[in-house]
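Asker: Have a look at this prediction, sequence included:
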Amino acid sequence: MEPMSARIGQLLIQKNIINRPILEKALSTEKQEPPSRQRRLQQILVDDFQVDRHAVFSAIAQLYAFKEINLKEENLDDTRLDFIRKTLDFCSEEARSKLLSKRVMPYRPSLINKNVLTVLAADPLDREIPALLADVPYTQIEIAYCQYEQINDYIERVLAFKNEFLHNLDQSLQSIEVTDEADVKIDEAALDAEINRSMLTNLIEGTLVEAVRKGASDIHVIPKDGNITEFHFRVDGKLQLWHVLSSVKPESVAAVVKDRSVNIDRFNRNTAQDGFIQRKIDNYHVRFRVSVLPIVVSESTRRYESIVVRVLDDRKVITDLTLLGMQEQAARDFEAAIRKPQGLIIITGPTGSGKSTTLVAALHRIMDATRNVLTVEEPVEYMIPGARQIKLGPKLNFDSALRSVLRHDPDIVMVGEMRDLKSAEIAVSLANTGHITFSTLHTNDAPSAISRMYMLGVEPFLIANAINLVMGQRLVRKLCDDCKKPTRSIDIDLARLVGFTDDELRRTTFYQPAGCDKCFMGYRGRQCITEALLFTPEIRRIILKNAENIDEDMIRQESIRNGMLTLRASGRERIKAGTTTVEEVFGTTVE
């Protein structure tokens, strides 16, 4: 046993972090590994025996007298982040990459000696750290221990500012000469010259990178009067202004985006167009769906186009149903519905309410190698490993693909949307012939989906017998855990509209957004509120009994008696838990 491993092993036993049998197994693993790839004892304990990383390395830091820094107690403002980026820039690309992968981060000059650099490390005993930081302009390195997860979050914030495409962009754009706005005819040659000279390509590529790193779901490129183009990111469901460009014609910006998009004609400025872009960003392939629409502005001679780019990052897809965060009754009913041998599961809600995410998580829950899983979507949102996702095109449209699915021996089918009688009838037919079928509808709540299917022309007896569950869904922004504040100042009338009783108003602690450097205006992330209408025998009886005039309210009241939370009731539970606000729930639901 090496002296260092012996000391560390004994310390961890003394602190009850591990027991002796685990230590002996870990030491045996360490001894058997080849010298070129030999891991140290502490890393083996974390990797192979799932011992708590922080407990291990915090104990080691104490043993060897490394200072421990808790970033949650530090002020990580833009000045500090800028210092870290500039310090890393002194390192070679290879050294910088190794530092980040090892979770090592320059932090600040020492509080005692400005010539000494304090460095945070998830593993302070890593002997390679001083060599990797040899090029930084400090005479000495002082290593401090910091929890792996904290440094990981810290690195993400630092990298969010590092975008090679946007480097020196402002300086390059300052030299652009704006062409005469009175030109009636667009001079394509002049546009080409402007595009090449202005480094617009870097701006567009940089926008794609930045949107992915900021977790945006959409990029909006909006032309304005006076040669202004605004770039907005939709984050957590809200548009945020990211960049304003005033030195280049909006037609040039649109031309660059269209040039980079597949299936879009740059010179066609009179019709709506749809295309896509694919890029490798941070070593991961990300797809972008591009929508271009001609719009009217006050300058009638100009040919402006609005562009929206949907970011399709498969890393953001939730494949574990439990991570969707459904409330208890909804989760139980949803699980019961998808576990049945056949039937239709419908998710309802407006665009951007997380319907696709829920469907993908449900598919992952029940699909396996023994089942043929087919999806028919237009367009395909996310790649689903293990599913056969049908590729639509000019010779295979949505309707003909659905009809073909019936002959393709499916077990599980996902129909992107029931948009008309044909698609609804095929979905119902699949559900009634021994298949689990998933689909979506655009309705306000779960009961109204039943009326919508009837209005499309589906027979009531088919609706009653085919559907397992209809779930209405919305996404509400989550209050930032780091800065939310309890408040007594709420809109009482609004709270009552959401459904709070006077007793609940007295007993509930309400919170308000504050705002900090980790969130946007007091909110960070989103969570779902759901209305899960499970088809019980009584619900089916109500539909059949009122076949000519389906009574949504009767269905709703019966479901509530069975334990269903309406969307607003689900939202009230989120408010009571202190994770969102009355305004958020009211703004995303209707009575």
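Answerer: Structure's in. What do you need? Residues are numbered from 1 along each chain as shown.
Asker: and Trp139, how many neighbours?
Answerer: Not Trp; residue 139 is Thr. Close neighbours of Thr139, defined as other C-beta atoms under 10 Å, add up to 9. Every residue, glycine included, has its C-beta placed from N, CA and C.
Asker: Tell me the pLDDT of it.
Answerer: On the pLDDT scale, Thr139 is placed at 89.
Asker: what comes up buried for the helix or strand where Thr229 lies?
Answerer: For Thr229, the host element (DSSP states H and E) is strand 228-235. Residues of strand 228-235 classed as buried: Thr229, Glu230, Phe231, His232, Phe233, Arg234, Val235 (neighbour count, 16 or more other C-beta atoms under 10 Å).
Asker: who does it pair up with?
Answerer: Sheet pairing of strand 228-235 (DSSP bridges) gives strand 218-224 (antiparallel), strand 238-245 (antiparallel).
Asker: Please report how far the closest residue to Met418 other than its chain neighbours lies from Glu459.
Answerer: In space, Met418 comes closest to Ala424 once its chain neighbours are excluded; the distance is 4.4 Å by C-beta to C-beta, 6 or more residues apart in numbering. Between Ala424 and Glu459 the distance is 11 Å, computed by C-beta to C-beta, to the nearest Å.
Asker: who has more neighbours, those two?
Answerer: Higher neighbour count among Ala424 and Glu459: Ala424, with 26 against 14, using other C-beta under 10 Å.
Asker: Could you say which helix or strand holds the more buried one?
Answerer: Short version: Ala424 belongs to helix 421-432, going by DSSP H and E.
Asker: Stretch 348-362: which residues count as buried?
Answerer: Per 16+ other C-beta under 10 Å, stretch 348-362 contains these buried residues: Thr348, Gly349, Ser353, Gly354, Lys355, Ser356, Thr357, Thr358, Leu359, Val360, Ala361, Ala362.
Asker: Quick one: end-to-end distance for stretch 44-53.
Answerer: Using C-alpha to C-alpha, to the nearest Å, the end-to-end distance of stretch 44-53 comes to 10 Å.
Asker: before we move on, what about stretch 330-349?
Answerer: 16 Å.
Asker: Contacts for stretch 450-462, please.
Answerer: 418, 420-421, 424-425, 428, 432, 441, 443, 463, 467, 470, 543-544, 547, 550, 552, 555 (C-beta atoms under 8 Å, 6 or more residues apart in numbering).
Asker: quick check: domain ranges of the chain?
Answerer: Domain segmentation of the chain under automatic domain parsing yields 3-63, 71-159, 164-315, 321-476+527-567.
Asker: Would you point to the one among these that's packed deepest?
Answerer: Most buried of those by mean neighbour count (mean count of other C-beta atoms under 10 Å) is domain 321-476+527-567; its value is a mean of 18.
Asker: Any idea how far apart the tips of that domain sit?
Answerer: So domain 321-476+527-567: terminal residues 19 Å apart, C-alpha to C-alpha.
Asker: Could you do stretch 49-57 as well?
Answerer: End residues of stretch 49-57 are separated by 15 Å (C-alpha to C-alpha).
Asker: quick one: contacts of it?
Answerer: With C-beta under 8 Å, 6+ apart, stretch 49-57 has contacts from 12, 15, 17-18, 22, 25-26, 42, 45-46, 122-124, 145, 147-149.
Asker: next one: stretch 538-549
Answerer: Outside stretch 538-549, the residues touching it (C-beta under 8 Å, 6+ apart) are 450, 460-461, 463-465, 533, 550-551, 554-555, 558-559.
Asker: Just the CA trace of it, in PDB.
Answerer: Provided in PDB are the C-alpha atoms of stretch 538-549 (Å, rounded to 0.1, in the frame of the first residue of the first chain):
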ATOM      1  CA  GLU A 538     -68.100   6.400 -15.500                       C
ATOM      2  CA  ILE A 539     -66.300   8.800 -17.900                       C
ATOM      3  CA  ARG A 540     -66.900   6.500 -20.800                       C
ATOM      4  CA  ARG A 541     -70.600   6.200 -19.700                       C
ATOM      5  CA  ILE A 542     -71.100  10.000 -19.600                       C
ATOM      6  CA  ILE A 543     -69.600  10.300 -23.200                       C
ATOM      7  CA  LEU A 544     -71.900   7.500 -24.600                       C
ATOM      8  CA  LYS A 545     -75.000   8.900 -22.700                       C
ATOM      9  CA  ASN A 546     -74.500  12.400 -24.100                       C
ATOM     10  CA  ALA A 547     -73.300  11.300 -27.500                       C
ATOM     11  CA  GLU A 548     -75.100  14.100 -29.400                       C
ATOM     12  CA  ASN A 549     -74.000  16.900 -26.900                       C
END
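Asker: quick one: Leu117 is in a strand?
Answerer: Yes - counting by DSSP: H, G, I helix; E, B strand; the rest coil, Leu117 falls inside a strand.
Asker: The spatially closest residue to it that is not a sequence neighbour and Ser101, how far apart?
Answerer: Computed as C-beta to C-beta, 6+ apart, the closest residue to Leu117 that is not its neighbour in sequence is Tyr138, at 4.0 Å. In this structure, Tyr138 and Ser101 are 22 Å apart, going by C-beta to C-beta.
Asker: again with Arg524
Answerer: The gap separating Arg524 from Ser101 is 26 Å, by C-beta to C-beta.
Asker: so which of the buried residues of stretch 348-362 comes closest to Glu251?
Answerer: Ser356 (33.4 Å; C-beta to C-beta).
Asker: right, and the closest one touches Val380 too?
Answerer: No - assessed by C-beta atoms under 8 Å, Ser356 is found out of contact with Val380, at 9.9 Å.
Asker: three-state assignment of Glu417?
Answerer: Strictly by three-state DSSP, Glu417 counts as coil.
Asker: tell me the secondary structure for the residue nearest to it when sequence neighbours are not counted?
Answerer: Once flanking residues are discounted, Glu417 sits nearest to Thr440: 5.0 Å by C-beta to C-beta, 6+ apart. Under three-state DSSP, the three-state class of Thr440 is strand.
Asker: What's opposite Thr440 in the beta bridge?
Answerer: With DSSP bridges as the rule, Thr440 is bridged to Ile347.
Asker: related to what we said a few turns ago, what packs against the helix holding Ala424?
Answerer: Helix 421-432 sits against strand 343-348, helix 398-405, strand 412-415, strand 436-441, helix 446-456, helix 460-466, with contacts defined as 3 or more C-beta pairs under 8 Å, 6 or more residues apart in numbering; DSSP states H and E.
Asker: Compare those and give me the one nearest Pro486.
Answerer: helix 446-456 (32.8 Å).
Asker: what helix or strand does Leu27 sit in?
Answerer: Secondary structure (DSSP H and E) places Leu27 in helix 20-32.
Asker: Name the surrounding residues that touch that helix.
Answerer: 1, 5, 9, 12-13, 18, 38-41, 44-45, 48-49, 51.
Asker: same check, this time on stretch 474-485
Answerer: By C-beta under 8 Å, 6+ apart, stretch 474-485 touches 236-238, 349-350, 352-354, 511-516, 518-519, 522-530, 567, 571, 574, 578-581, 584-585, 588-589.
Asker: Determine how far the last residue of it lies from the first.
Answerer: End-to-end distance of stretch 474-485 (C-alpha to C-alpha): 24 Å.
Asker: for stretch 274-292, same thing?
Answerer: Per C-alpha to C-alpha, stretch 274-292 runs 6 Å from first to last residue.
Asker: could you give the mean pLDDT of it?
Answerer: On average, stretch 274-292 scores 89.
Asker: related to what we said a few turns ago, quick one, the helix holding Ala424 and strand 436-441 angle?
Answerer: Helix 421-432 runs at 150 degrees relative to strand 436-441, counting by axes from the mean of the first three to the mean of the last three C-alpha atoms, to 10 degrees.
Asker: who's in contact with helix 421-432?
Answerer: With C-beta under 8 Å, 6+ apart, helix 421-432 has contacts from 342-344, 398-399, 402-403, 405-406, 410, 413, 415, 417-418, 437, 439, 453, 456-458, 462-463, 465-468.
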